[in-house]
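Trainee: Coordinates for the following, if possible.
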Amino acid sequence: MPTLKSRDLLLRTALGLLLLSGCAGSGGRSGADTADDWILGGAAEAGFDPAALERLVLDIEAGMFPNTHALLIEHDGALVFERYFSGSDERWGQPIPARVIGPDSLHDLRSVSKSVTSTLLGIVLADDFGEAVARPVTDLSMARHVEEIGDWSDDGVWGYGYQWWVGDLPTGVRVVAGVGNGNQRLFVIPAERLVITVLAGEYNVFEGHSERILDRVLAAR
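Mentor: You can find the predicted model right below:
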């Protein structure tokens, strides 16, 4: 049974993602003086190869993962890596041809919002708050099978359960993901105490760019 500290990873992430809808928010992020502030850490201290992450950034900038807008990595409650990129976007379905994305930029999350909202509401509305908090998302039974999801399964990696995608990567690593149109992704890896957020503007394009970014991030550890 996971400890209470590990079980609250997803809850803290859900709350943090509400802040990430404004990307990361730049005001006062060097400390933790207010509820809005991120605790900052270093990629190397979190077990990443900084050079490998910078190579990923160069590949994003070169267009290998088209129209990616932001990449943020949280480890054990600290923001250890963040990069922002320019590209096209949409506002309520209306194209924005060119947009400069930065820490203060608001960004659409699409269906990732459903994952976060369902988690928060489930905790608040549960008959037994303590039991609800203590139940790991990774233990939830899948409401649908991979066969019923078709192309979304990514060759059998992903299943679906209670508004979160749940899958095991070829390495055996369990990933819980909030998935939104446009390649918005919130990847939670409980065993590694990692949260990887990708924001993008590839609406109605389903090429799996964010999943390939996830592979590169994990390969950098």
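
Trainee: what's the distance between T119 and G178?
Mentor: According to Cβ to Cβ, to the nearest Å, T119 stands 9 Å off from G178. C-betas here are computed from N, CA, C, even on glycine.

Trainee: more crowded one of these two?
Mentor: G178 (27 against 23; other Cβ atoms under 10 Å).

Trainee: so the residue nearest to that one when sequence neighbours are not counted is in which element?
Mentor: Once flanking residues are discounted, G178 sits nearest to S115: 3.4 Å by Cβ to Cβ, 6 or more residues apart in numbering. Using DSSP states H and E, S115 maps to helix 112-125.

Trainee: likewise I213?
Mentor: Per DSSP H and E: helix 209-219 holds I213.

Trainee: List the neighbours of that helix that are in contact with it.
Mentor: 48, 52-53, 56, 59-60, 65-66, 68, 71, 73, 154, 169, 171, 173, 175, 183-185, 187, 189, 196, 198, 200, 202 (Cβ atoms under 8 Å, 6 or more residues apart in numbering).

Trainee: quick one, phi psi at E61?
Mentor: phi -60, psi -30 (degrees, to the nearest 10).

Trainee: residue boundaries of the strands in the chain?
Mentor: 39-40, 68-75, 78-84, 87-91, 94-99, 158-161, 164-168, 174-180, 184-189, 194-200 (DSSP state E).

Trainee: Is it possible to get a markdown table of the ones you listed that adds mean pLDDT and distance to V217?
Mentor: Converted to a markdown table, the strands of the chain look like this (pLDDT from 0 to 100; distance: least, Cβ to Cβ, whole Å):
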| stretch | mean pLDDT | distance to V217 |
| --- | --- | --- |
| strand 39-40 | 90 | 18 |
| strand 68-75 | 95 | 7 |
| strand 78-84 | 95 | 8 |
| strand 87-91 | 87 | 19 |
| strand 94-99 | 87 | 24 |
| strand 158-161 | 52 | 17 |
| strand 164-168 | 83 | 16 |
| strand 174-180 | 88 | 11 |
| strand 184-189 | 92 | 8 |
| strand 194-200 | 94 | 6 |
